[in-house]
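[1] need a structure here:
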Amino acid sequence: MLLLWIVGLLALVSALVCVFDYCRRVTNISFGHNQWMKVVSASRYRFVDDSETTISFYSDARKLAEVQLLQCSYESPIIVIPGEEPNTFFCAYDYDTVDLLLRLDISRPYTPPIVPANLFEPLHNTVKMSTCEIRNVAKDDTKSWTFVAAAIGRMPPKKFEHDSLICTKCPNQHYPQRELLESISQHGGQGQMNGETVTR
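    Below you'll find the model as predicted:
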């Protein structure tokens, strides 16, 4: 009798784990030359808590770098796009009322950002773990914003849907491609980012 109770309890725990991990999305994206990326997003039932999206970069079966970014009900990565230079990537990130553009260099180690107290640095809260360099792209870095906007604009809708994450603000839906393109074209919309004085 006790054995049956234990088996039943284990089955219940297993079922609950499956429910909480429902809609947890694993996406593999190939970049050619045996290089690819694995993106594991949080379950939609964990959006209310501070969870994370894990982005891993590979060459064949060898992991090159890994980044964990905050994913919750008001913040979430949107899509990762290869950069112009080798080993570099851009991540469009939904940062509540604005969109950030993060630049990753998987050939360099991670160094936590150091900024004066009167400057705002979103990476302090956004990056939960990283083995590679990651920085917030400044609004006046027109070249980077223009490059990413062009890449999003050229992307077929089906590929955008495959490569992008489920929007945390509208479960079961992807971030609208046209809306993201407009935001990136405007350098993430309005707001104060790294390098701008915070007014309180």
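
[2] In the protein, what residue spans correspond to strands?
    All strands of the chain, identified by DSSP state E, fall at 26-32, 35-40, 51-59, 62-71, 75-82, 88-95, 98-105, 127-130, 133-136.

[3] how about low-confidence regions in this structure?
    Scanning the chain for pLDDT under 70 picks out 1-24, 43-50, 115-120, 166-173, 190-200.

[4] Identify the residues contacting the residue minimising distance to the centre of it.
    When C-alpha atoms, centre = their mean is applied to the chain, the residue found nearest the centroid is P77 (2.7 Å). Residues near P77 by C-beta atoms under 8 Å, 6 or more residues apart in numbering: V39, S41, T53, I55, L69, Q71, C91, A92, Y93, D94, L165. No exception for glycine: its C-beta is placed from N, CA and C like everyone else's.

[5] Turn the strands of the chain into JSON lines, including distance to K159.
    Shown next, in JSON lines, are the strands of the chain (distance: least, C-beta to C-beta, whole Å):
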{"stretch": "strand 26-32", "distance to K159": "9"}
{"stretch": "strand 35-40", "distance to K159": "14"}
{"stretch": "strand 51-59", "distance to K159": "17"}
{"stretch": "strand 62-71", "distance to K159": "21"}
{"stretch": "strand 75-82", "distance to K159": "10"}
{"stretch": "strand 88-95", "distance to K159": "15"}
{"stretch": "strand 98-105", "distance to K159": "19"}
{"stretch": "strand 127-130", "distance to K159": "26"}
{"stretch": "strand 133-136", "distance to K159": "24"}
